[in-house]
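Asks: turn this into a model:
(one chain, ligands or ions: 3)
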Amino acid sequence: MERASTAVAHQTARFALGRPILVLAGPGNNGGDAYGAAALLRDWGHEVTVAALGTPKSGAAAAMAQRWGGATVALSQAASRPVVVDGLFGIGLDRDLDADTATALCWLVAAADVALAIDLPSGLDTDSGALRGAADGYTLTLALGALKPAHVLHPASTRCGTVLLDTLGLEAQGDWRSVARPSLAAPASDAHKYSRGMVAVIAGEMPGAARLAASGALHGGAGYVVLCGASGGADAIVHRAHGDLDALLEDQRVGAIVIGPGLGRDDAARARLDRVLASDRALVIDGDALSLLGRDLPSAVAARRAASVLTPHAAEFDRCFGASAASKIERTLSAARQSRATIVHKGAGTVIATPDGKILVAADLTSWLSTAGTGDVLAGLIAARIATGGSADEAVWLHGRAASLAGPAFAADTLADHLSEAIASCR
Ligand SMILES: NC(=O)C1=CN([C@@H]2O[C@H](COP(=O)(O)OP(=O)(O)OC[C@H]3O[C@@H](n4cnc5c(N)ncnc54)[C@H](OP(=O)(O)O)[C@@H]3O)[C@@H](O)[C@H]2O)[C@@H](O)CC1
Ligand SMILES: Nc1ncnc2c1ncn2[C@@H]1O[C@H](COP(=O)(O)OP(=O)(O)O)[C@@H](O)[C@H]1O
Ligand SMILES: [K+]
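Replies: Ligands and ions are numbered 1, 2, ... in the order given. Below is the predicted model of the structure:
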């Protein structure tokens with residue numbers, strides 16, 4: 001708590017620039033951090049007011065309140081100040097904020113020029129990222145010890161402002177980490193198109209979606225991309241008829257197959273899906289393929305001999321694994337274990353889980369990705385990374401970077417054009 005209060009005081013001082021500071025102190029250790037920071041800021045010469053909610057419950061927090069020693073006002077009586085430090089609740093919040101607390105907090109945060117949350121904005125569920133009365137408008141959140149799921153999961157993440165992490169020297173081992181820029185080498189000097197990674201995309205009723213996936217694979221670094229059952233698309237994509245599917249599944253050079261984008265849900269689609277599932281090729285299973293399998297998906301995929309990557313958005317995830325109130329991280333991990341597949345659970349705050357229990361979160365994806373077809377590009381890109389010996393999280397990072405490079409209001413058709421620059425930044 002000493003280290004936490006000091007970190008909070010330092011960050012606050014950097015932003016306060018002499019302006020009056022209001023510190024909100026709750027009854028738990030989050031409040032303890034707040035009292036300790038208030039005492040330091042006062043000792044450094046800042047004008048500090050403390051608004052208290054309840055009395056400190058732990059010995060450590062009580063000691064910090066004693067160190068503050070000065071007067072406190074009740075939260076409900078607090079006047080606004082240009083700088084607000086929120087130490088009402090952190091990871092110990094176990095129920096919604098009551099209406100009076102939520103109202104006072106919302107008003108004080110909104111009225112401040114700078115609002116800093118200690119560890120978490122008060123009123124967020126740490127593990128699920130659900131809103132439990134939190135205010136809007138924080139400038140920054142100083143995460144203490146380690147990042148918590150609420151810092152990266154939607155909707156909580158949208159309330160945090162800029163998240164800064166101070167590990168406090170605790171070396172806390174989290175069970176998940178953020179998707180990071182991969183390091184990608186250029187192809188070996190003796191590379192050829194097949195050794196670079198060969199990807200097959202199986203088309204269906206809506207060939208445009210499969211074309212987008214093929215384009216994602218091609219621009220994502222694959223050496224050879226076959227589009228099976230659809231014509232058109234980039235000139236470098238090789239076309240095969242649906243009649244060639246069995247031969248393609250036998251082709252040992254094929255490193256990964258994408259099935260699902262635009263596949264359709266009729267009998268022909270189902271028959272193609274069953275043939276592909278029975279193959280010993282690595283698969284990326286997306287869109288209609290996920291919906292066709294529905295609740296049969298976990299067992300159908302777990303029975304496969306080769307690797308599978310599933311790329312559901314929220315509705316597809318529920319269709320395959322059932323709806324639940326548990327956190328996106330827990331649900332994705334459980335789905336990965338059940339299906340013995342890597343799951344890329346898409347959406348604002350994409351969560352990736354592997355069957356061996358590794359969890360990665362991509363929190364800072366641009367919301368311009370929410371346009372039709374970007375998921376198809378991602379499916380192809382994942383296949384390209386897998387066919388070249390890489391991983392799904394590399395693809396998620398590249399997809400996010402390409403979307404940032406594409407700028408606002410891009411169309412999925414142009415997203416793959418930015419993958420080259422995204423890959424170039426991964427040396
Ligand atoms: N752990 C570490 O390593 C470190 C932890 N650190 C800090 O400690 C923080 C966690 O502290 P914490 O565990 O005391 O929880 P915290 O969020 O202060 O609140 C819990 C209190 O609130 C109460 N309560 C709950 N919900 C409520 C509600 N809606 N409305 C009203 N009351 C409610 C609940 O009591 P109850 O009323 O349920 O008896 C309990 O008294 C963490 O975020 C970080 O800042 C750092 O100092 C450094 C390292
Ligand atoms: N609000 C958002 N913020 C960030 N990324 C998003 C958001 N909405 C969607 N995405 C991303 O955009 C892609 C959309 O995929 P998907 O829903 O399958 O669409 P489609 O099937 O039309 O391609 C996914 O990669 C998803 O993570
Ligand atoms: K807080």
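Asks: only C-alpha atoms for contact and neighbour calcs from this point on.
Replies: Fine.
Asks: in the stretch 101-250 of the chain, which residue sits closest to ligand 1?
Replies: Asp119 (5.0 Å; Cα to the nearest ligand atom).
Asks: list the contacts of Val199.
Replies: The neighbours of Val199, taking Cα atoms under 8 Å, 6 or more residues apart in numbering as the test, are 217, 222, 224-226, 254-258, 383-384, 387.
Asks: just the buried members of these?
Replies: Those of the contacts of Val199 that meet the buried threshold are 217, 222, 224-226, 254-258, 383-384, 387, by 16 or more other Cα atoms under 10 Å.
Asks: hang on, Pro312 packs against Asp286?
Replies: Yes - look at Pro312 against Asp286 with Cα atoms under 8 Å: they come within range, at 6.3 Å.
Asks: can you name the element that comes right after the helix or strand harbouring Leu116?
Replies: Using DSSP states H and E, Leu116 falls within strand 114-118. Going down the chain from strand 114-118, the next helix or strand is strand 140-144, by DSSP H and E.
Asks: which of the buried ones among the contacts of Val199 fall in strands?
Replies: Using DSSP state E, the members of the buried ones among the contacts of Val199 that fall within strands are Tyr224, Val225, Val226, Val254, Gly255, Ala256, Ile257, Val258.
Asks: what subset of these is also close to ligand 1?
Replies: Residues of these in contact with ligand 1 (Cα under 6 Å from any ligand atom): none.
Asks: now Ala39: closest residue in space, sequence neighbours ignored.
Replies: Spatial nearest neighbour of Ala39, excluding adjacent residues (Cα to Cα, 6 or more residues apart in numbering): Trp68 at 4.6 Å.
Asks: what about that neighbour, distance to ligand 2?
Replies: Per Cα to the nearest ligand atom, to the nearest Å, Trp68 is found 42 Å from ligand 2.
Asks: for the stretch 201-350 of the chain, what lies in contact range of ligand 2?
Replies: Checking the stretch 201-350 of the chain against ligand 2 by Cα under 6 Å from any ligand atom, the hits are His313, Lys346, Gly347, Ala348, Thr350.
Asks: which of the residues you listed fall in helices?
Replies: The helices in this structure, assigned by DSSP state H, contain none of these.
Asks: who wins on neighbours among these?
Replies: When neighbours are counted by other Cα atoms under 10 Å, Thr350 leads these with 24 neighbours.
Asks: that one contacts Val361, correct?
Replies: Yes - if you go by Cα under 8 Å, Thr350 and Val361 touch, sitting 5.8 Å apart.
Asks: how about Ala62: what's its closest non-neighbour residue?
Replies: Leaving out its chain neighbours, the residue that sits closest to Ala62 by Cα to Cα, 6+ apart is Pro56, at 5.1 Å.
Asks: in contact with the one you found, which residues?
Replies: Counted by Cα under 8 Å, 6+ apart, Pro56 has contacts Gly26, Pro27, Gly28, Asn29, Gly31, Gly32, Ala62, Ala65.
Asks: how many other residues sit next to Asp244?
Replies: Close neighbours of Asp244, defined as other Cα under 10 Å, add up to 11.
Asks: tell me the strands beside the worst-scoring helix or strand of the chain on mean pLDDT, with direction?
Replies: Lowest mean confidence among the helices and strands of the chain (mean pLDDT, DSSP states H and E): strand 177-178, at a mean of 89. Paired neighbours of strand 177-178 in the sheet (DSSP bridges): strand 359-362 (parallel).
Asks: could you give the bridge partners of Val199?
Replies: Going by DSSP bridges, Val199 is paired in beta bridges with Val225, Ala256.
Asks: what bridges to Val83?
Replies: Going by DSSP bridges, Val83 forms beta bridges with Ile21, Val114.
Asks: picking that back up, closest to Gly169 out of the residues of the stretch 201-350 of the chain next to ligand 2?
Replies: Thr350 (28.3 Å; Cα to Cα).
Asks: quickly list what the closest one is bridged to.
Replies: Counting by DSSP bridges, Thr350 forms beta bridges with Ala362.
Asks: pick out the lowest-pLDDT one from the residues of the stretch 201-350 of the chain next to ligand 2.
Replies: Lowest pLDDT of those: Ala348, 92.
Asks: that one reaches His154, doesn't it?
Replies: Yes - using Cα under 8 Å, Ala348 is in contact with His154, at 6.3 Å.
Asks: for the stretch 301-427 of the chain, which segments count as strands?
Replies: Counting by DSSP state E, counting those that start in this stretch, the stretch 301-427 of the chain has strands at residues 308-310, 342-345, 350-353, 359-362.
Asks: show me what the shortest one is packed up against.
Replies: When contacts are defined as 3 or more Cα pairs under 8 Å, 6 or more residues apart in numbering; DSSP states H and E, strand 308-310 sits against strand 283-285, strand 342-345.
Asks: pull the longest one out as CSV, backbone CA atoms only.
Replies: This means strand 342-345. Only the C-alpha atoms of strand 342-345 are listed here, as CSV (Å, rounded to 0.1, in the frame of the first residue of the first chain):
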residue,chain,number,x,y,z
THR,A,342,-7.7,-22.3,-30.3
ILE,A,343,-10.6,-19.8,-30.0
VAL,A,344,-10.4,-16.3,-31.3
HIS,A,345,-13.5,-14.8,-29.6
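Asks: so who does whichever residue of the stretch 1-150 of the chain sits closest to ligand 2 touch?
Replies: When scored by Cα to the nearest ligand atom, the stretch 1-150 of the chain has Gly129 as its residue closest to ligand 2, at 15.2 Å. By Cα under 8 Å, 6+ apart, the residues touching Gly129 are Pro149, Ala150, His151, Val152, Leu153, His154, Pro155, Ala156, Ser157, Ser327.
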